[in-house]
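**Student:** my questions are about this predicted structure, shown below with the sequence.
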Amino acid sequence: MRRLLPDPGPTTVSEQLETYRPGEEAGEERPLVGMNFAATVDGRATIDGRSGPIGSKTDTEMLVGLRKRFEAVMIGAGTMRVERYGPMEPLLVLVSGRLDLPWDAPVFAEAGEEVVIFTASEAEPPETAATVEVVRHEGAVNLGQALAHLRRERGIRTLLSEGGPHLHAQMQADGLVEDLFLTIAPKLAGGEAPRIIEGSLPGVAGLELAWLLEEDGELFARYRRA
C-alpha cells in the first residue's frame, strides 16, 4: 500500500489507522462521527444489492480496523436487513423507524452482545439472546437526539456509521458527520444501484482530503468536514 497524501511513501492499513485517534477530538454533547463507505468508480454503493462485492480484502481490513477505533457502530434498518450483522466488539446501534429488523440475524443470537435501537415504532421487539435497548422517538428518529443519548447514557465518545445511503444523507443534512472514509474500487457497475448518499442535502457540503492511500488501483480516502 502506498500513501499518496499527505506524506507520500509506503504504509499499511494498521500503520495508517494508528495515527487516527478520534477519541481525542470527541465533544461532550455527542460522539464524534465517522462515516464509512465503499463505492465503484461510477459512484455505486452496491452491486446486486450488497456492498460486499465492491471492495477488496484490503477494504475489509480497513473496515475492521476502523471499527476498532470507534466505540459504537451505527447502521440503518435497510443495511441490517441486507448485511445481517454478526457480533462485533463495538456497541451496535440500529436506526429503524418501524422496528422492521431481521431478528434472526447472528448479532441477536449472541448472548453478551448489546444492541441499542432508535425507533419511532411502539412495537415491542421479540426475546433475543442479545441485550436490546429500545429508545423511542415520536414521529421519526431524531439523529441528533440519538447521538446525544449515546453520549449521555452510554458514554460513547466515537461512533462509526456504515450507512446505508439514506441514513448517510440524514446525518450529513443534520451536520453530524466529522469524517468520511471512502474506498473507491477500480470497478464500473452501471445500473441504478444507490450512491453513498440517497436524499437531499440543504446545500453542497465541503470536504477536505486528510489522506489518500492506494493499493492495486483501489483508493482509500479520508475526508474531513470543511
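**Tutor:** Perfect, thanks for sending it. Note that this is a predicted model, so its numbers are computed, not measured. Residues are numbered from 1 along each chain as shown.
**Student:** does the nearest residue to Val134 once chain neighbours are set aside have beta-bridge partners, and which?
**Tutor:** Nearest non-adjacent residue to Val134, counting by CB to CB, 6 or more residues apart in numbering: Ile117, 5.0 Å away. (Glycine included, C-beta is placed from N, CA and C.) Judged by DSSP bridges, the bridge partners of Ile117 are Leu94, Val134.
**Student:** gap between Ile117 and His137?
**Tutor:** Going from Ile117 to His137 by CB to CB, to the nearest Å gives 11 Å.
**Student:** so those two - more neighbours on which side?
**Tutor:** Under the criterion of other CB atoms under 10 Å, the comparison of Ile117 against His137 puts Ile117 first, with 21 against 17.
**Student:** tally up the residues packed near Pro87, please.
**Tutor:** By other CB under 10 Å, 14 other residues sit near Pro87.
**Student:** now the helices: where do they sit in this protein?
**Tutor:** 13-18, 57-69, 77-83, 143-154, 165-173 (DSSP state H).
**Student:** next, the buried residues of the last one.
**Tutor:** The one in question is helix 165-173. 165-173 (16 or more other CB atoms under 10 Å).
**Student:** got the domain ranges for this structure?
**Tutor:** Using automatic domain parsing, the domain parsing of the chain gives 1-10+30-71+157-226, 73-156.
**Student:** of these, which is nearest Glu24?
**Tutor:** Comparison of the domains of the chain against Glu24 by CB to CB identifies domain 1-10+30-71+157-226 as nearest, at 9.1 Å.
**Student:** give me the distance between the two termini of that closest one.
**Tutor:** For domain 1-10+30-71+157-226, the separation between the terminal residues is 27 Å (CA to CA, to the nearest Å).
**Student:** equivalent analysis for stretch 167-178, please.
**Tutor:** Termini of stretch 167-178 sit 15 Å apart (CA to CA).
**Student:** from memory Ala189 sits against Asp42, does it?
**Tutor:** Yes: using CB atoms under 8 Å, Ala189 is in contact with Asp42, at 6.2 Å.
**Student:** next, count neighbours for Arg81.
**Tutor:** Using other CB under 10 Å as the criterion, the residues surrounding Arg81 number 14.
**Student:** who touches it in this structure?
**Tutor:** 100-102 (CB atoms under 8 Å, 6 or more residues apart in numbering).
**Student:** would you quantify the distance from the closest residue to Glu214 other than its chain neighbours to Ala185?
**Tutor:** Closest residue to Glu214 apart from its sequence neighbours, by CB to CB, 6+ apart: Arg2 at 5.0 Å. Distance from Arg2 to Ala185, counting by CB to CB: 16 Å.
**Student:** thank you kindly, that will do.
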